[in-house]
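Engineer: Need coordinates for the below:
(one chain, ligands or ions: 1)
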Amino acid sequence: MQKITIAIDGYSSTGKSTVAKQLADHLGYVYVDSGAMYRAVTLYAMQKGIISKKHFDVEKLKKSLSEIHLKFHKEAAWNKAHIFLNGKDVEDKIRNLEVSEFVSPIATIHEVRAKLVAQQQQMGLEKGVVMDGRDIGTVVFPRAELKIFMNASAEERAQRRYKELLARGEKIHLDEVLKNIQERDHIDTTRADSPLLQAKDAIVIDNSEMNLQDQFHTVLQLAKDRI
Ligand code: C5P
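Structural biologist: Below you'll find the predicted structure:
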């Protein structure tokens with residue numbers, strides 16, 4: 001059976017990664033969470049004091065890029081590949097609200113995007129990949145056989161993300177999560193380099209009222225039609 005490339009883009013917390021992962025598992029494809037890569041670069045910048053609430057040293061970040069090495073590792077014990085930053089598993093450190101607050105400003109930097117996009121394209125060379133993010137169907141894989149653009153209302157997305165963070169033991173308020181989602185949406189859609197936008201040939205799925213099973217079956221059918 002021929003393998004295809006599947007690009008899933010959309011706003012923050014639309015559930016892209018859940019569907020992308022289910023689909024990849026079902027098809028025996030590689031799943032790549034491109035947001036994890038931007039988050040790992042952000043974690044590096046936080047650890048090195050390059051970004052904080054008070055300052056952001058863009059030039060230092062650009063100079064440090066050659067020292068940042070990202071890799072995904074998959075082990076049977078985990079249900080998802082973990083991201084490693086310079087040899088260390090940082091999967092548990094990149095999902096908190098602090099990283100979420102700094103990640104979108106970091107993702108506006110052209111040099112950061114160029115580095116990560118090159119690595120993402122390398123990972124997709126042999127097809128058989130499901131990648132989710134903001135620019136996958138527009139920039140990373142403009143020739144992907146299947147492009148999905150996922151959306152849901154900001155309130156619905158905030159609710160889902162809030163529950164996820166609570167389950168991970170974070171002490172947060174729903175309004176902080178909603179504010180972060182709205183700020184990231186704004187930065188992601190208005191940045192100069194590869195803003196989040198729907199590819200012309202993308203299929204839009206608004207999942208505000210859909211359960212996970214419905215979303216999975218919809219996307220699976222779209223993939224099967226193209227394989
Ligand atoms: O997907 P996730 O919400 O984890 O992504 C975190 C942030 O990384 C996004 O808000 C966006 O700023 C950035 N990102 C991006 N391009 C991608 C994936 C993520 O700019 N392909």
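
Engineer: And the strands in the chain?
Structural biologist: Here the chain has its strands, by DSSP state E, at 5-10, 30-33, 70-73, 82-85, 88-89, 129-133, 146-151, 203-206.

Engineer: and G133, what is it in contact with?
Structural biologist: Contacts for G133 (Cβ atoms under 8 Å, 6 or more residues apart in numbering) come out as I8, D9, K16, D33, S34, G35, Q120, V140. Placement of C-beta: from N, CA and C, glycine included.

Engineer: Tell me which residues touch the residue most central in space within the chain, please.
Structural biologist: With distances taken as Cα atoms, centre = their mean, the residue of the chain nearest its centroid is G35 (2.7 Å). Residues in contact with G35 (Cβ under 8 Å, 6+ apart) are S17, V103, D132, G133, R134.

Engineer: make it 10 Å
Structural biologist: The contact partners of G35, by Cβ atoms under 10 Å, 6 or more residues apart in numbering, come to S12, K16, S17, I83, I94, R95, S100, V103, A107, D132, G133, R134.

Engineer: which residues does the last one contact?
Structural biologist: With Cβ under 10 Å, 6+ apart as the criterion, the residues that contact R134 are 9-12, 16, 34-35, 38, 104, 107, 140, 184, 188-189, 191, 194-197.

Engineer: For PyMOL, write the select line for the buried members of those residues.
Structural biologist: Selecting only the buried entries of the contacts of R134 in PyMOL, with 16 or more other Cβ atoms under 10 Å as the criterion:
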select buried, resi 9+10+11+12+16+34+35+38+104+107+140+184+188+191+194+196
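
Engineer: On the pLDDT front, check the closest residue to A24 other than its chain neighbours for me.
Structural biologist: Leaving aside its sequence neighbours, A24 sits nearest to Y31 (Cβ to Cβ, 6 or more residues apart in numbering; 3.6 Å). Reported pLDDT at Y31 in the predicted model: 96.

Engineer: Tell me, how many residues neighbour K63?
Structural biologist: 12 (other Cβ atoms under 10 Å).

Engineer: does it really touch A45, like I thought?
Structural biologist: No. The pair K63 and A45 does not pass the contact test of Cβ atoms under 10 Å, sitting 11.8 Å apart.

Engineer: one step back: may I have the residues that are in contact with the residue nearest to A24?
Structural biologist: Contacts of Y31 by Cβ under 10 Å, 6+ apart are 6, 8, 17, 20-25, 72, 74, 80-81, 129-132.

Engineer: same question, L212
Structural biologist: Taking Cβ under 10 Å, 6+ apart as the criterion, L212 is in contact with G15, T18, V19, Q22.

Engineer: Could you give the number of residues near the closest residue to the first one other than its chain neighbours?
Structural biologist: Closest residue in space to G15, ignoring its immediate chain neighbours: N207 at 6.0 Å, by Cβ to Cβ, 6+ apart. Residues near N207, counting by other Cβ under 10 Å, number 22.
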